[in-house]
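# quick check, what structure comes out for this input:
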Amino acid sequence: MKKRLITAAIGIGVAVAWLFTMYTPVYSIVLSIVSMIATYEMLKVFDIKNIVFRTLCLLSSACVILYADYKDKISVPLFPVITAFILVCLIIMVLDHKNLPFQNVVCAMFSATLIPASLSCAILFRDVYKLDTKDFTKSDGVFFIILAFLCSWLTDGFALFAGKAFGKHKLAPTISPNKTIEGAVGGVVGNTLFCIGVYYIFKAKFNLSPTIKLWETIVCAFALSAISIFGDLAASTIKRSRGIKDFGNILPGHGGIMDRFDSSLFVFPTLYSLLVLIYHI
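Residues are numbered from 1 along each chain as shown. Sure thing, here's the model as predicted:
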């Protein structure tokens, strides 16, 4: 637990420092690096050893994020690029079919697109003030980014402590035996209350737009907490199917980058979808 808390404290510090690079190229570069590491961990899970195929997937995981950040300056249409990526991957599979089973190739391609696509939402949140449909501010973008990370990470933390204190009924015993219904409820409630506090802090200190209402924040926090738990169970299902405990070991006490960002891959796009529905952006 001590090692886990130390790593978490360092991670929070790095995340805060990263937020200060929000309007510099460093912001998307860091996201790209995180995406590449997470994709690499997934490629290892699916036993992808072909160097050309692995390199192609890693480049894809970085380029998707860079495209999201610089799409206004890039004239290359996205659809032909995606089509070319899929075709090249399948050609490599055919040429090295003995070492690249179809199911592993599909899982690797899925990882190389889902991971960066989800993380790219952090760029969409940052740029929300550029939209003409609502009077958003730069502070609103920061709020959405922090809300996404809180719902991804705090839900798990509150669920852990609530589960240890009150857990009696297993949530998904065949997938993750340590998770309990009481822990899940504690995670959702604890995170939602924390997000309410963050809302009032932004309202009082950081000029949060009147467009963003408290009830909307509560709905988002509650829904995202539930999605975060589902995302964690989905990742546990993958790990159990592959017979591994963690996706990696780069983060002491936490495992790999994917172990820390597995819920984020569900939370980020869900939050953006909620913003589309609520604010019609």
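# going forward, measure contacts between C-alpha atoms and count neighbours the same way
Will do.
# can you tell me the helix or strand for D135?
D135 is part of no helix or strand, with elements assigned from DSSP states H and E.
# in terms of pLDDT, where does it sit?
According to the per-residue confidence, D135 scores 80 in pLDDT.
# dump the residue contacts of it.
With contacts taken as Cα atoms under 8 Å, 6 or more residues apart in numbering, D135 has the following neighbours: Y129, S209, T211.
# so where is the stretch 101-250 of the chain shaky, pLDDT-wise?
The model of the stretch 101-250 of the chain has pLDDT under 70 over residues 132-134.
# please enumerate the helices of it.
102-119, 121-126, 138-166, 181-205, 214-242 (DSSP state H, counting those that start in this stretch).
# can you flag the buried ones in the contacts of D135?
Neighbour-count burial within those applies to Y129, S209; the criterion is 16 or more other Cα atoms under 10 Å.
# out of the contacts of D135, who's nearest T113?
In terms of Cα to Cα, no member of the contacts of D135 lies closer to T113 than Y129, at 26.2 Å.
# surely that closest one meets F144?
No. At 11.3 Å, Y129 does not count as touching F144 under the criterion of Cα atoms under 8 Å.
# between helix 138-166 and the longest strand anywhere in the chain, find me the angle.
Of all the segments of type strand in the chain, defined by DSSP state E, the longest one is strand 176-180. Orientation check (axes from the mean of the first three to the mean of the last three Cα atoms, to 10 degrees): strand 176-180 against helix 138-166 gives 100 degrees.
# give me the sheet partners of strand 176-180 and which way each runs.
Its sheet considered, strand 176-180 pairs with strand 170-172 (antiparallel) by DSSP bridges.
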